[in-house]
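Colleague: take a look and give me a structure for this.
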Amino acid sequence: MASSEEQRPAEEPPTWAIELATAELYDTVDQGLIMDRARQIARDTGTLHDERHTEYDDPDRGGEG
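Modeller: Residues are numbered from 1 along each chain as shown. As a prediction, the model looks like this:
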């Protein structure tokens, strides 16, 4: 039985992530692989942004709270 994530259509990554993935995988013609990498780049960038935001909001770390 497939998980709900497998059944859900994959979300289109942002253009900037696609361009970065294409540059990283310049020797690849597999669009599926490029799109997977672009999604990973976008996801990783979002996680990094969330971590930075949390750090600056934490009063124990010198943030505003």
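Colleague: what ranges do the helices span in the protein?
Modeller: Listed in chain order, the helices of the chain (DSSP state H) span 4-7, 15-24, 31-57.
Colleague: ok, the residue lying closest to Arg37 once chain neighbours are set aside - contacts?
Modeller: Leaving aside its chain neighbours, Arg37 sits nearest to Ala21 (3.9 Å; criterion: C-beta to C-beta, 6 or more residues apart in numbering). (Each C-beta comes from the backbone N, C-alpha and C, glycine too.) Taking C-beta atoms under 8 Å, 6 or more residues apart in numbering, we find Ala21 in contact with Pro13, Ile34, Met35, Arg37, Ala38, Ile41.
Colleague: may I ask which helix or strand of this protein has the lowest mean pLDDT?
Modeller: helix 4-7 (a mean of 42; mean pLDDT, DSSP states H and E).
Colleague: any weak-confidence spans in this structure?
Modeller: For the chain, applying pLDDT under 70 flags the ranges 1-10, 47-65.
Colleague: how about 50 then?
Modeller: Under the criterion pLDDT under 50, the flagged ranges of the chain are 1-9.
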